[in-house]
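Undergrad: output the structure for:
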Amino acid sequence: MDALSPGGPSGHVLRVTGPLVEIEYTGGIAMHDLVLLGEAGLPGEVVGIEAGVVTVQAYEYTGGLAPGHPARGAGHPLCARLGPGLLGGIFDGLLRPLTGIGDRIRPGAAVETTGREGDGRFVPCVCPGQRVGEGEAVGEVRTAGPVTSRVLVPAGVTGEVEWIAPAGDRERDAVVAVVAGTEIAMSGSWPVRRPRPVRARRIPRHPLTTGQRVIDLLFPIARGSTAAVPGGFGTGKTMLLQQIAKWCDADVIVYIGCGERGNEMADVIDELSELEDPRTGGRLTDRTVTVANTSDMPMMAREAGVHTGMTVAEYFRDMGLDVVVIADSTSRWAEALREFASRSGELPAEEGYPARLASSIAAFYERAGAVTTLGGGHGSVTVIGAVSPPGGDTAEPVTAHTERFVRCLWALDRDLAYARHYPAVSWAGSFSRDAAALTEGPTAGDLSDHRRRVGALLAESDRLGPLVDLVGITALPAQERMSVLAGRLVREGLLQQDALSAQDAYSSPEKTAALAEAVLAVTDRCREIVAAGGSPEPVEQTDFGPLLRAREAAGPHDAAEVATWRDEMLQALDALPKAAS
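TA: Below you'll find the predicted structure:
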């Protein structure tokens, strides 16, 4: 028996048990190598080698594969083909393109396939004889989308440009430059489980603006940081993630649908394709890469999908872009890990998950970061992962381990969702470890001060809530009654946000700071009135409509309009003592 090699059939199938395939070999293969099975070349990954038998976990349905069929090694692990055509595309977990919703890829389709149909126009940015280093751009690939791809010198290559292609249309795999004897093509491969190299990692200090006030004000996230969104069914995870994808100030969005039901994934793709990009006026999908892995896809494809999406994000990061990865949901990915572990005989840990669950989750989130690229530019990958705990139990292993490794937690509360308070982010169960480090941005100082005061108001209101339910609001002292009122104004006038409103779906940092300042000014005036001897009843009975309407009446960037409604509300409160006397 010849050793498995990229040259052709060199082994044969011994046994097929669902997606688990055993093949005979005599050497020449390594763990995690890609293996092509049968005449169709079904892709699979080596997961075990013992006593002349290789165990392969197939990425596809193995129907029709039988003992005696040929098998050959590809000579490398699973790789993603990175290049022009990714933006706007929909791909499976192996980065094979899906041309439309509901499409199926033929069995054994090439794993290293890139992008949609159509070539790009290459424009050189260096000249022959010029010296370039690793990570520097030798040219750009211009397409109809809003993001221009760059052709970079590979890692480890430095020297003079010996040849550069002239400007013109090129095929996506065409060689466009030769540097120090190394040919550079518009597309290249990279192993999905290996992080792409960078020059240095930077401390994230610039906030990622999501346009959602409860996040940007109370639990901000830095560009290059990590966040988790745990929440049970019906709490609004998908809607919140879509809002972040639409409104955040990232250059590229990578949306990974991992293990979701097929109809849900189809709905997400359909909605994303219809969303207008507020930055360009075109379609949001023109700067989005979608990796779709539905629950009916093989387990290994679901497990590989998150790594594929992360590799795509790092590819755009290396161009000096800010990328946001949205993974929905990491719980389904963890379930794929559990299924694989049980099939391969790993020792199960808590709730059947493998003992390496914590390290696998940590390795995924550790690929986020703000970096100095090999070419000397600045880029970032921000990871936001949804977590779907069964029955809303946040003590289950995936949620518990995720909370240990992420910088931000935006926990969704079922009671808030049922009360139609959206986004249903719990201010009591969420946190942000980035808040103190965010020192950049024109409103960073204002939001920091408002964050502290608003958090104190919410904590005091939540403390008094059970007392109000027990003894009634009238039994509380006047100042504590004002604290209860302040909590209501913060919730309804500041934190609540209408995703379907053209005025309120997005809130700029300036508008968020203005609304926070307005609510705080009104609550301070209420406290001043009762501190001066005024009765709390007239204050509580005041129509706070002008304050509560400010978020809907003012445009996404209109802080001045918010100030007008604030002044009207303060004038109404100033008339109360005179009316009471």
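
Undergrad: mind checking what helix or strand follows the helix or strand harbouring L485 in sequence?
TA: L485 is part of helix 478-490 when elements are defined by DSSP states H and E. Using DSSP H and E, the helix or strand that directly follows helix 478-490 along the chain is helix 509-531.

Undergrad: before we move on, the earlier item: now the helix holding L485: average pLDDT?
TA: Taken as a whole, helix 478-490 has an average pLDDT of 96.

Undergrad: packing partners of that helix?
TA: helix 444-471, helix 509-531, helix 536-540 (3 or more CB pairs under 8 Å, 6 or more residues apart in numbering; DSSP states H and E). (C-beta placed from N, C-alpha, C; glycine too.)

Undergrad: TSV for these, including distance to G392 and mean pLDDT?
TA: Below are those laid out as TSV (distance: least, CB to CB, whole Å; pLDDT from 0 to 100):
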stretch	distance to G392	mean pLDDT
helix 444-471	19	91
helix 509-531	29	95
helix 536-540	34	94
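
Undergrad: distance of D558 from L476?
TA: Distance check for D558 against L476: by CB to CB, to the nearest Å, it reads 36 Å.

Undergrad: now swap in G259 and tell me
TA: Taken as CB to CB, the span from G259 to L476 is 48 Å.

Undergrad: hang on, the earlier thing: next, the angle from the helix holding L485 to helix 509-531.
TA: Orientation of helix 478-490 against helix 509-531 (axes from the mean of the first three to the mean of the last three CA atoms, to 10 degrees) gives an angle of 160 degrees.

Undergrad: got the buried residues for helix 478-490?
TA: By neighbour count with 16 or more other CB atoms under 10 Å, helix 478-490 contains the buried residues 478, 480-487, 489-490.

Undergrad: any stretches of this protein with poor pLDDT?
TA: 1-9, 26-27, 99-119, 439-445, 577-581 (pLDDT under 70).

Undergrad: domain-wise, how is this protein divided?
TA: Here the domain parsing of the chain from automatic domain parsing is 11-77, 117-186, 200-438, 445-580.

Undergrad: deepest of those domains, which one?
TA: domain 200-438 (a mean of 21; mean count of other CB atoms under 10 Å).

Undergrad: run the chain-centre distance for it.
TA: 4 Å (CA atoms, centre = their mean, to the nearest Å).

Undergrad: swap in stretch 486-504?
TA: On CA atoms, centre = their mean, the centre of stretch 486-504 falls 24 Å from that of its chain.

Undergrad: center of this structure - which residue?
TA: Nearest residue to the geometric centre of the chain (CA atoms, centre = their mean): I326, 2.1 Å.

Undergrad: doesn't that one belong to a strand?
TA: Yes: applying DSSP: H, G, I helix; E, B strand; the rest coil, one finds I326 inside a strand.

Undergrad: pretty sure it contacts G257?
TA: No: look at I326 against G257 with CB atoms under 8 Å: they stay out of range, at 9.1 Å.

Undergrad: which residues touch the residue nearest to the centre of the chain?
TA: Each residue near I326 by CB atoms under 8 Å, 6 or more residues apart in numbering is listed here: 241, 244-245, 253-256, 384-386.

Undergrad: in TSV, list the residues you listed along with distance to D567 and secondary structure.
TA: Conversion of those to TSV gives the following (distance: CB to CB, whole Å; DSSP: H, G, I helix; E, B strand; the rest coil):
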residue	distance to D567	secondary structure
L241	37	helix
I244	32	helix
A245	36	helix
I253	39	strand
V254	44	strand
Y255	42	strand
I256	46	strand
I384	37	strand
G385	42	strand
A386	41	strand
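
Undergrad: nearest spatial neighbour of R338, skipping sequence neighbours?
TA: Using CB to CB, 6 or more residues apart in numbering and skipping the chain neighbours, the partner closest in space to R338 is Y353 (4.9 Å).

Undergrad: from what I can see that neighbour touches F340, true?
TA: No: judged on CB under 8 Å, Y353 makes no contact with F340 at a distance of 10.9 Å.

Undergrad: would you check which pair of the buried residues of helix 478-490 lies furthest apart?
TA: A478 and V490 (18.9 Å; CB to CB).

Undergrad: E274: which of the buried residues of helix 478-490 is nearest?
TA: Distances from E274 to the buried residues of helix 478-490, taken by CB to CB, are shortest for V490, at 33.4 Å.

Undergrad: for that closest one, give me its contacts.
TA: 454, 457-458, 461, 519, 523.

Undergrad: can I get these in a markdown table with distance to P124?
TA: Formatted as a markdown table, those follow (distance: CB to CB, whole Å):
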| residue | distance to P124 |
| --- | --- |
| V454 | 52 |
| L457 | 58 |
| L458 | 56 |
| S461 | 61 |
| V519 | 55 |
| T523 | 60 |
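
Undergrad: between these, which is nearest L357?
TA: L458 (33.5 Å).

Undergrad: I'd like the distance between that closest one and R481.
TA: Distance from L458 to R481, by CB to CB: 16 Å.

Undergrad: re the thing from before, what is the nearest of the contacts of I326 to P207?
TA: Using CB to CB, the contacts of I326 come closest to P207 at I244, 13.1 Å.

Undergrad: wouldn't that closest one be in contact with Q212 here?
TA: Yes: between I244 and Q212 there is a contact under CB under 8 Å: 6.8 Å.

Undergrad: look up how far T210 lies from the residue nearest to the centre of the chain.
TA: In terms of CB to CB, I326 sits 11 Å off from T210.

Undergrad: between these two, which contacts overlap?
TA: I244.

Undergrad: returning to what we had before: could you redo the buried residues of helix 478-490 as a markdown table and give each row distance to D318?
TA: Putting those into a markdown table (distance: CB to CB, whole Å) gives the following:
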| residue | distance to D318 |
| --- | --- |
| A478 | 60 |
| E480 | 55 |
| R481 | 57 |
| M482 | 53 |
| S483 | 50 |
| V484 | 52 |
| L485 | 52 |
| A486 | 47 |
| G487 | 46 |
| L489 | 46 |
| V490 | 42 |
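
Undergrad: and those residues, which is closest to S380?
TA: Closest to S380, out of all of the buried residues of helix 478-490 and judged by CB to CB, is V490, at 31.1 Å.

Undergrad: any idea how far R194 is from the closest one?
TA: Applying CB to CB to V490 and R194 gives a distance of 46 Å.

Undergrad: ok so, going back, using JSON lines, please lay out the helices and strands packed on helix 478-490 together with distance to G156.
TA: Shown next, in JSON lines, are the helices and strands packed on helix 478-490 (distance: least, CB to CB, whole Å):
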{"stretch": "helix 444-471", "distance to G156": "39"}
{"stretch": "helix 509-531", "distance to G156": "41"}
{"stretch": "helix 536-540", "distance to G156": "69"}
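
Undergrad: ok, which of these comes nearest A266?
TA: helix 509-531 (33.8 Å).

Undergrad: what's that closest one packed up against?
TA: So helix 509-531, by 3+ CB pairs under 8 Å, 6+ apart, packs with helix 444-471, helix 478-490, helix 536-540, helix 545-548, helix 550-553, helix 559-574.

Undergrad: got the angle for it vs helix 559-574?
TA: Using the same axes, to 10 degrees, helix 509-531 lies at 10 degrees relative to helix 559-574.

Undergrad: distance from the chain centre to helix 509-531, please.
TA: Worked out by CA atoms, centre = their mean, helix 509-531 lies 33 Å from the chain centre.

Undergrad: mind listing what M319 touches?
TA: Applying CB under 8 Å, 6+ apart, the residues near M319 are 137, 149-150, 152, 373, 377, 379.

Undergrad: what's the first-to-last distance across stretch 214-226?
TA: 17 Å (CA to CA, to the nearest Å).

Undergrad: is it true that T294 touches C258?
TA: No: at 9.1 Å, T294 does not count as touching C258 under the criterion of CB under 8 Å.

Undergrad: next secondary structure after the host helix or strand of T399?
TA: In this assignment (DSSP H and E), T399 forms part of helix 397-405. Remark: after helix 397-405, the chain's next helix or strand is strand 408-409, criterion DSSP H and E.

Undergrad: output the next helix or strand after that following strand as PDB, nothing but the C-alphas.
TA: Per DSSP H and E, the first helix or strand lying C-terminal to strand 408-409 is helix 414-418. C-alpha atoms of helix 414-418 as PDB (Å, rounded to 0.1, in the frame of the first residue of the first chain):
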ATOM      1  CA  ARG A 414     -36.500  37.500  29.700                       C
ATOM      2  CA  ASP A 415     -38.700  39.800  31.900                       C
ATOM      3  CA  LEU A 416     -37.500  42.900  30.000                       C
ATOM      4  CA  ALA A 417     -38.300  41.200  26.700                       C
ATOM      5  CA  TYR A 418     -41.800  40.100  27.900                       C
END
